[in-house]
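Enquirer: just to be clear, the model below is a prediction. Sequence and coordinates:
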Amino acid sequence: MAEKNESFLKKKISRRKALSTAAKAGISAIVAGVVAGIGGYYAGMSAVPTKEITKEVTKEITKTVTKTVTKTPTVTTTPTTPTTAVVITPTKKIRLGFAHVNLNCPYYLAMQRAAYDVAYKFGWDIILTNAEADQVKQISDVESMLVKGIDALIINPVTEEGPKSVIKKCIEKDIPVVVVDRTMYGDYIAYVGIDQWKAGRLQGEFIAKMLTEKYGEPKGFVALIGGEAGCPATIGRGGGAIEVWKSKYPNIKYEWVGYGYYSMEKGMKIMEDAIATYGEKIDYVYAMNDAMALGALQALRAAGLTDVMVSGIDGQKEAYEEIMKGGQYKSTVVNHSWEITIVAMYLLMYYVEKGELPSEEWLQSLKITTGPGGNIAKWKVIKEVRKVDKGPGGTTAYDVITGTELVTIENVALHYDPTAIF
Amino acid sequence: MKKLTSYFFIKILYRIFRSYPAIPFIVILIIIAAIYEPAFLTPDNFRSIASYISILGLVTIGMTFAVLLGMFDLSVGGILCLTATIYCIWYMGYYYLYLPGPGTIMFVKELNPVLPEALILLGVLLIAVALGLINGFVIAHFGVPSIVTTLGVLILSRGLAWTLSGGNPLYTIPDYIKYFGQSTIYGVPLTFLFWIIILLLTGIMLNCTTIGRAIYQVGGNPEAAYAAGVNITSTRIIAMGISGLMAGLAGLLMVGRTGVMHPHYGMGIELDALAAVVVGGISLQGGKGGVVNTLCGVLFLGILTNMMNLMAIEAITQYLVKGAFLIALVLFERKLEVRTG
C-alpha cells in the first residue's frame, strides 16, 4: 500500500513539475512576444515621417551609404532644390510606394536615400520595400502596398514583364506608376533612366579612340567584364560597344572574361583569372559598371600591368577620383541612381498636383543638387524626353533619359562632387 | 485554491505550444498587425499573403521530407529554376545553346518536335523528380553528406538553367499556367488551394502510409528502423524524390504567378524554406514534426513579411526585426524542449 502511495506521489510530483515548467514557458513566450511586438511597433513608428524621426532615419541611411561609398562622415541632409521655370510646390500629402529591386549595393542604397530625402521635403509618406531581386516578392510587396493604400507608385522592376499582373491592379485603382532604372513593358506614366545602348556606344567609340592613340590605328584586345547574364544593363552596355567595334573597327578584338554581378570583389577575381589566361595580350578592360572596373584596376595594379586601360559605367565617385588622377582609369558614363530617383519623384509630384505630365521644358529646367553637400548639378541632367505610347491603355507616356554622358579626364571636374552620395 | 497549471485549458495550450511552438508567435503577429494596421484584416491582404506563401510553402513541404530524415535539401532552388526553364523552352520550341556574350548572336536550337502541353508538364515534373532521386541516390547509396550532394546539384541545375535560357528572361508563357498562377476561385487564390491540397496529401502520406511511417522511423532512429526491416536507402531516395517534385511544382507556380521565367528564380529560397521548417518546430535531427509544423512555419514567415511592409517598417530595419523574431522563436522552442524533454 505504501509503495503504491509513493509511486502515486512521485507521479503527481513529476506531473506538477512538468506543468509548472509549461506555465513558465508559456508566460515567457508571452513576455517575449510582447517585447518583440513593442520592438516591432517602434520600428514601424520610425518610418512614419514625423520630423525628428525621419531625420534620424535619413541620418542612419547617410551613415550606411557613406560608410560603404565615401568613408567621409556626412551628417545632415539638405533636401533637393529645383530651380524651375514654373515652380510647383507640393500641396497634397500623399502616400508613395517605392517597390525597390534590391538594397545590396551603394547604387541602390543611393536611390533609397534620395527617395527618403525628397519625400521628406515634399511632406509625403513613403513606403519603400526591398524585393531582394525576387520577382515573386516584388509582386507581393506591391500587393501589400495596395492593401495599405498608396496614391502613387515608383517601381524598379525585377523583370520587364514580371510585375504585369500587379501593375494592372494599380491601373484599376488609378494609381500612377513611374518606372525607374530598369525598363518595364508599359502601363506607366514615365520611365526615368539612362539609355544603356547609347552608353555602350559612347564607351565603344572612346575605347577605339584610346586604342588608336596607343597603336596608331584602332586595334587591340578588350576584356569585357559582364554584370549578369541576360540583364538588360549588361546587354545594352556591352552590346552597344560591340556594335560600334563590329561596324567600324573590325581590328578590335574582344572577349567576355566573366560575370561579376556588379560587385567589386567579383570584378577583381575575374580580372585576376583573366590576367592568368590572357596576360600581356590585354590592352583594355571594359567593365559593365564602375565597381567591377575598380576591382579590375586593383587586380591590374597588383599584377604590375600599369599600361592596361580601364573603363566603367555609372559615374561612381571613386571612379571619378581615379579618372582625375590621370592614371589607367580612363572613362565612365554618367548613370547617377540618385539623379534618376529625384527626377522621377519631381515628375510624379507634378503629376499628382496637376493631373497631367509636365512639359518637356519643365523637366529640362529641373536642377538637381548633388548629395548632402547640396551643390546644384552643373551638368545637364535630362538628356532627352521621348514620347512613347506605353501609358495605360496605349496613352502617351514619357521615357526620360538622364545621364548617358561620357566622362573623361577633360570633363570629370564638372561631375565630381566630394560630397555626393554615390 | 486550484493551482493555475492544473486547469484544463492550460494543459491543452501547453500541448499545442509544445508541438507547434510557432502558433503563439503567429497569434501575436496577427494581433500586432491588426492593431497597427486594420487593413491587415482585409480579404485582399489575406489573398496577397496566401499567394505569396503557397510557392515558398511547396518548397518547404519538400524540405520537410528531407529534414524529417535528418537531411538538408539545398538543391530546391536550382531544381525549381531548371524546371521552370525547361518548361518554358519546351513550350517555346527552341533553346539557346550557349550565350558567348550579350550583344553577340546567340545559337538558337530548334526543338523538334514540340510536344503537346500535357506531356511537357509531365516531362518537366519527371525531370524534377529525377534530380531529386539523383540527390537521394548519391546520399543514401554512397553515404555522402546531404548538404554537399544537394549543394552540387543546386549549382549544376542552376548552371544548366542559365545555359539553356542563355541567362535571358523568357516571356513566352502559356496562358493556362498564367491563369493558374494568378486567378482566384471564390476569392481564394488557386495556388493557395493547390498548396493546401498538397499539404493534406503529404500529411496523409506521412501519417497513414507505410512509406510515411518509415520516414519517421528512419529519421528518428536509423538502426532501429533497419532492425525492424525498413529499407533505409529506398526511404531516403523516395523522400528526396518528393522534395524534387515539390521544387518542380513550385517552379511552375512561380512562372504562373509572374508570367515570366527568369534564371534568378529560386535564388536563396532553400534558406527561406529551411527557416520555415525550423520555425515550424521540426527538429533538424530528424524524426520529429509534421506538415502542420510546415504550415505554421510558412504562415509565420509569410505574415511577418507582409506585416512589416504594411507597418511601413524601413526596408533595412526589416532584416533586424525578422532576425530578432527568428531567434526569439527558436529560443522559445529550445526552452520547451530542454525543460520538458
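Expert: Here it is on my side, so go on. Numbering: from 1, shown residues only, chains lettered A, B, ... in the order given.
Enquirer: where are the low-confidence patches of the stretch 51-200 of chain A?
Expert: Counting by pLDDT under 70, the ranges of the stretch 51-200 of chain A that qualify are A:51-86.
Enquirer: got the residues of it near chain B?
Expert: Counting by C-beta under 8 Å from any C-beta of the partner chain, the stretch 51-200 of chain A comes close to chain B at A:57, A:61, A:64, A:100, A:103, A:112, A:125, A:127-130, A:132-137, A:139-141, A:143-149, A:158-165, A:200. Using the backbone N, CA and C atoms, a C-beta is placed for each residue, glycine as well.
Enquirer: in strands only, show me those residues.
Expert: Using DSSP state E, the subset of these located in strands is A:100, A:125, A:127-130.
Enquirer: all helices for the chain, in order.
Expert: The chain I'm using is chain A. Ranges of helices in chain A, per DSSP state H, are A:2-45, A:51-69, A:106-122, A:135-148, A:164-172, A:196-215, A:232-248, A:264-278, A:290-302, A:317-325, A:337-354, A:360-364, A:412-415.
Enquirer: hmm, I had chain B in mind actually
Expert: B:8-19, B:22-36, B:43-68, B:76-92, B:117-142, B:146-165, B:175-182, B:190-208, B:210-220, B:222-227, B:232-258, B:269-280, B:291-310, B:315-340.
Enquirer: count of neighbours near the closest residue to B:I242 other than its chain neighbours?
Expert: Spatial nearest neighbour of B:I242, excluding adjacent residues (C-beta to C-beta, 6 or more residues apart in numbering or on different chains): B:F65 at 5.0 Å. Using other C-beta atoms under 10 Å in any protein chain shown, B:F65 has 29 neighbouring residues.
Enquirer: hmm, B:R158 is touching B:G77, no?
Expert: Yes: assessed by C-beta atoms under 8 Å, B:R158 is found in contact with B:G77 at 7.3 Å.
Enquirer: hmm, back to that, surely the residue nearest to B:I242 touches B:I215?
Expert: Yes: judged on C-beta under 8 Å, B:F65 makes contact with B:I215 at a distance of 6.9 Å.
Enquirer: which residues are in contact with both of those two?
Expert: Common neighbours of B:F65 and B:I215 are listed as B:A239 (criterion: C-beta atoms under 8 Å, 6 or more residues apart in numbering or on different chains).
Enquirer: now do B:F65 against chain A, distance only.
Expert: To chain A, B:F65 is 22 Å away according to C-beta to the nearest C-beta, to the nearest Å.
Enquirer: give the contact list for that residue.
Expert: B:F65 makes contacts with B:202, B:215, B:239-240, B:242-243, B:246, as judged by C-beta under 8 Å, 6+ apart.
Enquirer: number of nearby residues for the residue in the stretch 251-400 of chain A that chain B sits nearest to?
Expert: Nearest to chain B in the stretch 251-400 of chain A, going by C-beta to the nearest C-beta, is A:W256, at a distance of 3.6 Å. Applying other C-beta under 10 Å, we find 21 residues neighbouring A:W256.
Enquirer: any idea what it is bridged to?
Expert: Listed beta-bridge partners, A:W256: A:L224 (assigned using DSSP bridges).
Enquirer: that one reaches A:G227, doesn't it?
Expert: No: look at A:W256 against A:G227 with C-beta under 8 Å: they stay out of range, at 11.1 Å.
Enquirer: neighbour-wise, which of the ones in strands among the residues of the stretch 51-200 of chain A next to chain B leads?
Expert: Neighbour count (other C-beta under 10 Å) singles out A:T129 as the most crowded of those, with 27 neighbours.
Enquirer: am I right that that residue is in contact with A:S140?
Expert: No: counting by C-beta under 8 Å, A:T129 stays clear of A:S140, with 9.1 Å between them.
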